[in-house]
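>>> no sequence on this one, just coordinates:
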Ligand code: 6PG
């Protein structure tokens, strides 16, 4: 009468996943720690709250929890990423048996996942690091799941994860074995980077629509009309957000303009820098959040610098939509480029089309664009070589430039939109000014340069003065 699957950590996500597993008929054990006066009988009380958990077993004692599970044990951790994971692993280890499987479902750093994987291998325990996206509701109704590590171990947990995952338009689970090591955590991290940009773009768009004189309801109506061309989960929730009223005013007007973060955008930016991949939009969206955080300084400096407010803001909402779509394509290009480069460097052999596919439902960045990318990645790893997207970008580029130019002229900060245009210009320039950088490096540091007229690729040095 032992349970098939154990869930460790009953925070918001852990609870939703338990209910999802139970709703799918799995026999589960649930664990939450006991902290006097703070976390008492969490698992027991949770079980009592939901009828679907009547068969589930609730524990706050680790040994009893572990002993309640069939072997090889499958234990999914839903605890705070970071050091806590290591503490929990150490707490569990004395009770585990060879071939048991630990799944980390938090937003853990992919490098840590690799280390934990190697460490646990020495103990005979399998470790699966998995991204889980979709927030509370996703976890309950079907998240997107991005597991990585040992393929054999994955096969033993696949029936559980694939059953509780969201389903794509063909009914296939939005969960697939991603690759070795921490590749699942890596792609979840990039997912979040792309998420930051998609959120930032919608925020920037709303600033522009506000400039048109639209109130939050009108902004929501404008965005609603964009669903035909640009639908996404984030667009949908943003429409809801703009409609939400509190008393006579819109709630958005009352929210402090300081954006928080839990670190994954930071990691994505670090990973881009480490791998030498120009994920400029992710960095830009992250830094926009950081700028927002300097609220007091912004208020102070606002007084020192006059904002230009030209009466002419000569763009249409259609052009704003096109600028938005253009930036979204660049965002997805950059995000998948980062994944592709990591895959090459770490020899993960990742399947971009499959990654796009498991992101078509359940996760935060699901969208009609993502659906298109599933097909495009079957043909090419570089979406900017796809003939349809080339056509779309060529169609949207002039609107993109116009919108950004108007924002610049009106002192409106739209860094992600601007960066999309800048990046597109950079990546499509056959001859850049990097020759000057090379000359400067050679001038002061004898770092040498290669010559266009010497195809051998040999290093040259000049005595510049
Ligand atoms: C998801 C989300 C989620 C993420 C939050 C918080 O896919 O469900 O990406 O995993 O942790 O969105 O991110 P920030 O606090 O950094 O904005």
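Received, thanks. The model shown is predicted, which means the values in this text are computed figures rather than measured ones.
>>> from here on, contacts and neighbour counts on C-alpha atoms
Will do.
>>> how about the residues of the stretch 301-450 of the chain near the ligand?
For the stretch 301-450 of the chain, the residues in contact with the ligand (CA under 6 Å from any ligand atom) are 363, 364.
>>> ranges for the strands of the stretch 301-450 of the chain?
Here the stretch 301-450 of the chain has no strands by DSSP state E, counting those that start in this stretch.
>>> please name the nearest non-neighbouring residue to the closest residue to the ligand within it.
In the stretch 301-450 of the chain, the residue that lies nearest the ligand is residue 364 (5.2 Å; CA to the nearest ligand atom). Using CA to CA, 6 or more residues apart in numbering and skipping the chain neighbours, the partner closest in space to residue 364 is residue 134 (5.3 Å).
>>> gap between the one you found and the ligand?
4 Å (CA to the nearest ligand atom, to the nearest Å).
>>> and what of residue 147?
14 Å.
>>> just the pLDDT for that residue.
As predicted, residue 147 sits at a pLDDT of 98.
>>> likewise for residue 244?
So residue 244 comes in at 98 (pLDDT).
>>> burial of residue 328, as a residue count?
Per other CA atoms under 10 Å, the neighbour tally for residue 328 reads 22.
>>> residues from the stretch 1-150 of the chain in reach of the ligand?
133, 134, 135.
>>> mind running it again at 8 Å?
106, 107, 131, 132, 133, 134, 135, 136, 138 (CA under 8 Å from any ligand atom).
>>> not counting sequence-adjacent ones, nearest residue to residue 281?
Distances taken as CA to CA, 6+ apart put residue 416 closest to residue 281, at 5.7 Å, once the chain neighbours are dropped.
>>> so how far is residue 51 from the one you found?
46 Å (CA to CA, to the nearest Å).
>>> looking at the two, which one has more neighbours?
residue 416 (30 against 12).
>>> so what's the one residue sitting closest to the centre of the chain up against?
The residue lying closest to the centre of the chain (CA atoms, centre = their mean) is residue 192, at 1.5 Å. By CA atoms under 8 Å, 6 or more residues apart in numbering, residue 192 lies in contact with 264, 265.
>>> give me the element it is part of.
Following DSSP states H and E, one finds residue 192 within helix 183-211.
>>> could I get the buried residue list for that helix?
183-202, 204-209 (16 or more other CA atoms under 10 Å).
>>> tell me how many other residues crowd the nearest residue to residue 91 once chain neighbours are set aside.
Closest residue to residue 91 apart from its sequence neighbours, by CA to CA, 6+ apart: residue 62 at 7.8 Å. For residue 62, the neighbour count with other CA under 10 Å is 17.
>>> contact partners for residue 62?
Applying CA under 8 Å, 6+ apart, the residues near residue 62 are 31, 91, 92.
>>> what's near enough to touch the residue nearest to residue 281?
197, 200, 201, 204, 281, 284, 285, 327.
>>> residues contacting the fourth one?
Neighbouring residues of residue 204 by CA under 8 Å, 6+ apart: 413, 414, 416, 417.
>>> now do the same for residue 385: its pLDDT.
So residue 385 comes in at 97 (pLDDT).
>>> same check on residue 310?
With respect to pLDDT, residue 310 has a value of 70.
>>> how about it: what's its closest non-neighbour residue?
Excluding its sequence neighbours, the residue lying closest to residue 310 (CA to CA, 6+ apart) is residue 410, at 6.0 Å.
>>> okay, now the one you found: neighbour count?
Count around residue 410 with other CA under 10 Å applied: 17.
>>> start at 890, not 1
All set: I'll call the first residue 890, so the last point we hit is now residue 1299.
>>> and it, what does it touch?
1196, 1197, 1198, 1199, 1202.
>>> mind checking how far it is from residue 1189?
In terms of CA to CA, residue 1299 sits 20 Å off from residue 1189.
>>> likewise for residue 1323?
38 Å.
>>> before we move on, back to that, hmm, the helix holding residue 1081 in reach of the ligand?
Yes - looking at helix 1072-1100 against the ligand by CA under 8 Å from any ligand atom, the contacts come from 1077, 1078, 1080, 1081, 1084, 1085.
>>> list the buried residues for the next helix or strand after that helix?
Toward the C-terminal end, the helix or strand that comes next after helix 1072-1100 (DSSP H and E) is helix 1105-1114. Neighbour-count burial for helix 1105-1114, counted by 16+ other CA under 10 Å, picks out 1105, 1106, 1107, 1108, 1109, 1111, 1112, 1113.
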